[in-house]
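Participant: generate coordinates for the sequence data below:
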Amino acid sequence: MFSLSYQQIQVPAEAVAGLFVVIGGVQTFFGYRLFRALIMLLGFCAGCVLGYEVAVALAIRGFVAAAVCLVAGLIVAVIIRLVYPVGLFIFGGWLGWSLAHPLSVRFHDAHPLVIIGCMAILGGVLLWKFERPVIILFTAAAGASAMIAGGAGLWMGMTPSEWIISTPVDPINQLMILIGWVVLLALGLSVQVGWTAKPRD
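Facilitator: Take a look at the predicted model:
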């Protein structure tokens, strides 16, 4: 019988890095305009993971397991779309995590889970209370981080996570990364504030 596990899925590092660049670019420059679609996509992915865990727990395999993942993803996406404040908080938490995780890994913090958790909660609360400016700032910042990690991964022939862990921490290297991130962040903010931040239809 057909079965599939995470360990059996082999994706080229360049493909993962390229996906980071594309998604990061969309998030950096069009995060506010595409926000509702983004939180639905996030909900779909979270639902698929939840469906996978349920299928594994119930020993469901084959196409039935795939159907469970798909249905669970669709249900969570619809719920998040209908209950918008919940989706807002969840997406803010994800943005906080996406910003905190690379920093905690790169600087070898002794308590990375504490930083990641606090940033996730802070992101959720800020996005819930101050929707428009925080969406623009967080999507541009997180998207810039993804583009930097993805671009470096493409250049080095490794996944973004591998690059984050393996890149030496030295002042010159950190300065170059920071400059690139600031430039992308500034461009993203400029685009979103000047065009994409206009009232959505």
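Participant: quick one: distance of the longest helix seen in the chain to the chain centre.
Facilitator: In the chain, with assignment by DSSP state H, the single longest helix is helix 131-156. Centroid separation for helix 131-156 versus its chain: 9 Å, with C-alpha atoms, centre = their mean, to the nearest Å.
Participant: with stretch 41-50 instead?
Facilitator: Between the mean C-alpha point of stretch 41-50 and the mean C-alpha point of its chain there is a distance of 12 Å (C-alpha atoms, centre = their mean).
Participant: who's in contact with that stretch?
Facilitator: Residues lying outside stretch 41-50 but in contact with it, judged by C-beta atoms under 8 Å, 6 or more residues apart in numbering, are 69-70, 72-77, 79-81, 87, 90-91, 94. Any C-beta I mention is one placed from the backbone N, CA and C, and that applies to glycine too.
Participant: out of those residues, which sit inside helices?
Facilitator: Secondary structure from DSSP H places 69-70, 72-77, 79-81, 87, 90-91, 94 of the contacts of stretch 41-50 in helices.
Participant: show me where this structure has its helices.
Facilitator: Using DSSP H, helices in the chain cover 13-30, 35-57, 62-82, 84-106, 112-129, 131-156, 160-166, 171-191.
Participant: ok, of those helices, where does mean pLDDT dip lowest?
Facilitator: Lowest mean pLDDT within the helices of the chain: helix 84-106, a mean of 67.
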